[in-house]
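Participant: Dropping a prediction and its sequence here:
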Amino acid sequence: MIALSLAEIAEVVGGQTHDIPDPSVQVTGPVVRDSREAGPGSLFVAFAGERVDGHDFAAAVVETGAVAVLGTRPVGVPAIVVDDVQTALGALARHVVRRLGATLVALTGSAGKTSTKDLIAQVLRRKAPTVFTPGSLNNEIGLPLTALSATEETRFLVLEMGARGIGHISYLAGLTPPKVGLVLNVGSAHIGEFGGREQIAQAKGELVEALPSEAEGGTAILNADDPYVRAMASRTKAKVIFFGESGEADVRAENVRLTDTGQPSFRLHTPSGASDVTMRLYGEHHVSNALAAAAVAHELGMSADEIAVALSEAGSLSRWRMEVTERPDGVTVVNDAYNANPESMKAALRALAAMGKGRRTWAVLGKMAELGDEALAEHDAVGRLAVRLNVSKLVAVGGREAAWLQLGAYNEGSWGEESVHVSDAQAAVDLLRSELRPGDVVLVKASRSVGLESVAQALMETGAEGEVSAR
C-alpha cells in the first residue's frame with residue numbers, strides 16, 4: 001500500500017484512535033485480514049465472523065510488526081475503531097485509488113472472469129508494473145484488499161468484480177472507479193439468485209454505466225458475440241470497443257483451431273495490426289478470454305505483436321482451473337474443479353474431447369450450484385453433451401444433480417457402462433483407481449461446494465503401491 005499515517009487513515013475511515021502513542025506512524029506494508037499474513041508495517045483488518053473473531057488476534061499481529069488494527073472495538077494495542085469494518089475498508093480503498101497514478105481496469109461476466117483477469121495481468125505487466133486480483137477475491141472484501149496492495153510504482157490495477165445481485169457491481173465500482181471496463185458474457189451462473197439472464201445483464205452492465213465518458217478517457221470493452229453484452233453499448237458514455245470472433249469486432253480472431261494437445265491457436269486482429277497466437281492454456285473457450293485481454297492491452301497502448309507474444313507465453317495463475325498434469329503412467333488429469341456453471345462445464349467438456357483424441361476420456365462431474373429452476377435442464381444438457389462429444393465415460397458424483405447428469409447422458413443414448421452415478425468423491429476415486437489405463441484423460445469439474453478437487457489430487461498422488469485416495 002502507499003504509505004499513510006494512522007492519523008490519515010483514521011480520518012479517511014471516520015474512526016477513533018485507541019492506544020496509539022504516535023498517530024504519525026505510517027502503514028507501509030500490506031493491509032491484511034488474515035493474521036498469518038501480517039508483518040512489519042502492515043495494517044490488520046479485524047472481521048468478527050461466526051466462528052473466528054479477528055480481534056482475538058490483535059496482540060499477536062502487533063507482535064509480528066503490524067502497525068495497528070482496524071476493528072470495531074479497542075483491543076489493548078494500537079487500533080483504529082470504526083462502526084463497520086467493511087465500510088471502513090471500502091473507504092480506505094477509495095481514498096488510496098484516488099491517490100494512485102494507476103489505470104484501473106475492471107472486468108465482470110458470468111464465466112471466465114478469473115482466467116481472463118490472469119491473462120490481462122500477464123499481458124499488461126510486460127508494459128508496466130501491474131497489480132491484480134489474486135484468485136477469485138472479487139467481492140466487497142477481496143476487491144478493496146487488492147486495491148490496497150497497489151503501490152506508487154503500480155501503473156495498472158486489474159480488478160475482477162463479482163455479483164450476486166443488482167447493485168453489487170455499482171457498489172464495487174464506487175469503491176474503485178475504473179477507467180476501462182470489460183464485460184465478458186451473460187450466462188447461467190447464479191441464475192437461481194438473479195432470476196433470469198435479463199437480470200444478470202442488468203447487474204453486469206452496471207460496470208459500463210460506472211465508466212467515465214469517452215472525453216474523460218473511459219473505455220467499455222464488450223463481447224460482440226454475446227447479444228446481452230453487445231446491447232450494453234447503449235448504457236455507457238465511454239468509448240466502446242468490441243471483441244469476439246464475429247466480423248464486426250474491433251479485436252477478433254480468425255483461423256481458430258486447436259492443436260493436437262487441445263491448445264488454441266488463431267490469428268489475432270487488432271485495429272493496429274495482426275499477429276499469430278498459440279496459447280499454453282487448454283480449450284477453445286480461452287480464445288474469447290484472450291481476445292478480451294487483447295482488447296484491453298490494445299486500448300492501453302500495446303501492439304498486436306506484443307500482445308500475441310504475451311498471450312502465447314501466458315499460463316494459468318489461479319489453481320484448479322484447467323490444470324493439466326501428466327502422471328508417470330501416462331494418465332492425464334485435468335483439474336478444473338474450482339467452480340462450475342453450464343457455460344464453463346460445456347467448455348471444459350469440449351476441451352476434454354479435443355485433448356483426448358485417440359485416447360479414452362473420463363468426465364468426472366458434480367453439481368452446478370445456484371441454478372434455481374434451471375438446474376434440471378442444465379444438468380441434463382451437460383450429460384447429453386458428454387455423449388455427443390463421445391466422452392468415453394461420465395462419472396456423475398453426488399446426489400440429485402449428479403443423477404440428472406447421468407439421466408441426460410442416458411437420454412442421449414448412453415447405456416451400460418458409459419455413464420455411472422457414484423455417491424461421493426471417494427467412490428469416484430475407487431472407481432477410477434480400478435479402471436484407469438495408461439493414456440487415459442480425466443477431467444474433474446463441479447461447483448466449488450462439491451469439493452471435487454480432492455478427486456483430482458488423489459489421482460495425482462500415487463502411494464508406494466500405486467494406490468490413491470480422496471482426502
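Facilitator: Happy to help now that I have it.

Participant: Residue nearest the middle of the chain, spatially speaking?
Facilitator: If you average the C-alpha coordinates of the chain and look for the closest C-alpha using CA atoms, centre = their mean, you land on Thr114, 2.3 Å from that point.

Participant: Can you give me the pLDDT of that residue?
Facilitator: According to the per-residue confidence, Thr114 scores 92 in pLDDT.

Participant: And the helix or strand hosting it, what does it pack against?
Facilitator: If you go by DSSP states H and E, Thr114 is part of helix 113-124. Using 3 or more CB pairs under 8 Å, 6 or more residues apart in numbering; DSSP states H and E, the elements in contact with helix 113-124 are strand 103-108, strand 130-132, strand 156-160, helix 286-299, helix 304-313. The way it works is simple: take the backbone N, C-alpha and C, and place the C-beta from them, glycine included.

Participant: Run the chain-centre distance for the third one.
Facilitator: Right, the one you point to is strand 156-160. Taking CA atoms, centre = their mean, to the nearest Å, the mean C-alpha location of strand 156-160 is offset from the chain mean by 12 Å.

Participant: Just the buried residues of it, please?
Facilitator: Across strand 156-160, burial judged by 16 or more other CB atoms under 10 Å covers 156-160.

Participant: List the neighbouring strands of it plus their orientation.
Facilitator: According to DSSP bridges, the neighbouring strands of strand 156-160, each with its direction, are strand 103-108 (parallel), strand 130-132 (parallel).

Participant: Other residues contacting the helix or strand that it is followed by?
Facilitator: Towards the C-terminus, the helix or strand next in line after strand 156-160, according to DSSP H and E, is helix 168-175. Counting by CB atoms under 8 Å, 6 or more residues apart in numbering, the neighbours of helix 168-175 from elsewhere in the structure are 90, 93-94, 97, 106, 108, 139-140, 143-144, 147, 159, 161-163, 181, 203-204, 206-207, 209-210.

Participant: swap in stretch 213-223?
Facilitator: Here stretch 213-223 makes contact (CB under 8 Å, 6+ apart) with 109, 179-185, 208, 211-212, 229-230, 232-233, 236-244, 288, 292, 295-296, 299.

Participant: what ranges do the helices span in the stretch 151-300 of the chain?
Facilitator: Counting by DSSP state H, counting those that start in this stretch, the stretch 151-300 of the chain has helices at residues 168-175, 191-194, 197-204, 206-209, 227-230, 286-299.

Participant: Worst mean pLDDT among these?
Facilitator: The stretch with the lowest mean pLDDT among the helices of the stretch 151-300 of the chain is helix 191-194, at a mean of 77.

Participant: mind listing what the closest residue to Glu374 other than its chain neighbours touches?
Facilitator: Closest residue in space to Glu374, ignoring its immediate chain neighbours: Ile191 at 5.6 Å, by CB to CB, 6 or more residues apart in numbering. Contacts were defined as CB under 8 Å, 6+ apart; by that measure Ile191 touches 197, 200, 370-372, 374.

Participant: ok, now Val77?
Facilitator: When contacts are taken as CB under 8 Å, 6+ apart, Val77 is in contact with 19, 58-59, 62, 68-69.

Participant: where does the stretch 201-350 of the chain have low pLDDT?
Facilitator: Low-confidence segments of the stretch 201-350 of the chain, defined by pLDDT under 70, are absent.

Participant: Could you do the stretch 351-471 of the chain as well?
Facilitator: Along the stretch 351-471 of the chain, the parts satisfying pLDDT under 70 run over 415-416, 462-471.

Participant: From Asp118, how far off is the spatially closest residue to Phe57 that is not a sequence neighbour?
Facilitator: If the residues on either side of it in the chain are set aside, Phe57 comes closest to Ser35, at 3.9 Å by CB to CB, 6+ apart. With the distance defined as CB to CB, to the nearest Å, Ser35 ends up 27 Å from Asp118.

Participant: Between the two, which is the more surrounded one?
Facilitator: Asp118 (25 against 18; other CB atoms under 10 Å).

Participant: Hmm, Val131 and Glu153 touching each other?
Facilitator: No: when contacts are counted by CB atoms under 8 Å, Glu153 is not listed as touching Val131 (9.4 Å).

Participant: Counting neighbours, go ahead and name the busier of the two.
Facilitator: Each of Glu153 and Val131 had its neighbours counted (other CB under 10 Å), and the higher figure belongs to Val131 (22 against 11).

Participant: Spit out the contact partners of the more buried one.
Facilitator: Residues in contact with Val131, defined by CB under 8 Å, 6+ apart, are 102, 146, 149-151, 154, 156-158.

Participant: again, 10 Å this time
Facilitator: If you count contacts by CB atoms under 10 Å, 6 or more residues apart in numbering, Val131 has them with 100, 102, 121, 125, 146-151, 153-159.
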